[in-house]
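Undergrad: the following comprises the amino acid sequence and a computationally predicted model.
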Amino acid sequence: MEELNVYEEKMNKTLDVLLSDFGTIRAGRANPHVLDKIKVDYYGTPTPLQQVGNVSVPEARMIVIQPWEKSLLKPIEKAILTSELGINPTNDGNCVRLVFPEMTEERRKEVSKDVKKKGEGAKVALRNIRRDANEAFKKMEKSGDMSEDDLKEATEKIQKLTDKMVEKIDKAVEEKTREIMTV
């Protein structure tokens, strides 16, 4: 049933968005993906940080950004300060360093709650996709494009797919929470 493929694709995109969101969440260790959403003013154009310099992680809690042009040091610093990263960059004239402080227990719990909230949001999105699929299948059955048996089979398949995706989301939330809570 190619109708199912459309909904499966939508569910996979929901999971991908959640996983990329999780990549940008700071978990005590330096992860270059926390910079993914930061844009630098590059000659009047907002440009992703990774495209204006080399991003490296020399130590467990430090990110170093080596811009390709020295004139970009100040704009990179400004972009990081105005982002929601919550870290003060240090500029030594050659590169920008970000030192990630050890997260407090309280902050870890806050971030874990945020991760769970994002997971719940993704599950709601999955259920909405399932509802849309079921409505589409019922319309097809009413118009005669699908038999009653096919409708039953399609709704069962979409439910199984939803259950499988919810399981994947729960697993991703659990892994990210474990990563955040590990000191």
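TA: Perfect, I can see it now. These numbers come from a predicted model, not from an experiment. Residues are numbered from 1 along each chain as shown.

Undergrad: got a pLDDT number for the residue sitting furthest away from the middle of the chain?
TA: Distance to the chain centre peaks in the chain at residue 144, reaching 40.6 Å (criterion: Cα atoms, centre = their mean). Residue 144 carries a pLDDT value of 87.

Undergrad: ditto for residue 1
TA: Residue 1 is given a pLDDT of 64.

Undergrad: show me the shaky parts of the chain.
TA: Within the chain, the ranges that satisfy pLDDT under 70 run 1, 26-29, 183.

Undergrad: quick check: longest helix of it.
TA: helix 105-142 (DSSP state H).

Undergrad: what's the helix or strand just after that helix packed up against?
TA: Where DSSP states H and E defines the elements, the next helix or strand beyond helix 105-142 is helix 148-181. Counting contacts by 3 or more Cβ pairs under 8 Å, 6 or more residues apart in numbering; DSSP states H and E, helix 148-181 is packed against helix 2-23, helix 105-142. Where C-beta positions appear, they are placed from N, C-alpha and C, glycine not excepted.

Undergrad: looking at these, which is nearest to residue 161?
TA: helix 2-23 (5.8 Å; Cβ to Cβ).

Undergrad: what residues sit buried inside the closest one?
TA: For helix 2-23, the neighbour count (16 or more other Cβ atoms under 10 Å) marks 3, 7-8, 10-11, 14-15, 18, 21-22 as buried.

Undergrad: got the domain boundaries for the chain?
TA: Annotated domains of the chain cover 2-23+104-181, 32-99 [automatic domain parsing].

Undergrad: what residues are up against the residue nearest to the spatial centre of the chain?
TA: In the chain, the centroid-proximal residue (Cα atoms, centre = their mean) is residue 21; its distance is 1.5 Å. Residues in contact with residue 21, defined by Cβ atoms under 8 Å, 6 or more residues apart in numbering, are residue 118.

Undergrad: wait, residue 11 sits on residue 129?
TA: Yes - using Cβ atoms under 8 Å as the test, residue 11 is close enough to residue 129 to be in contact (5.6 Å).

Undergrad: shared neighbours of those two, which are they?
TA: Shared contacts of residue 11 and residue 129, defined by Cβ under 8 Å, 6+ apart, are found at residue 162.
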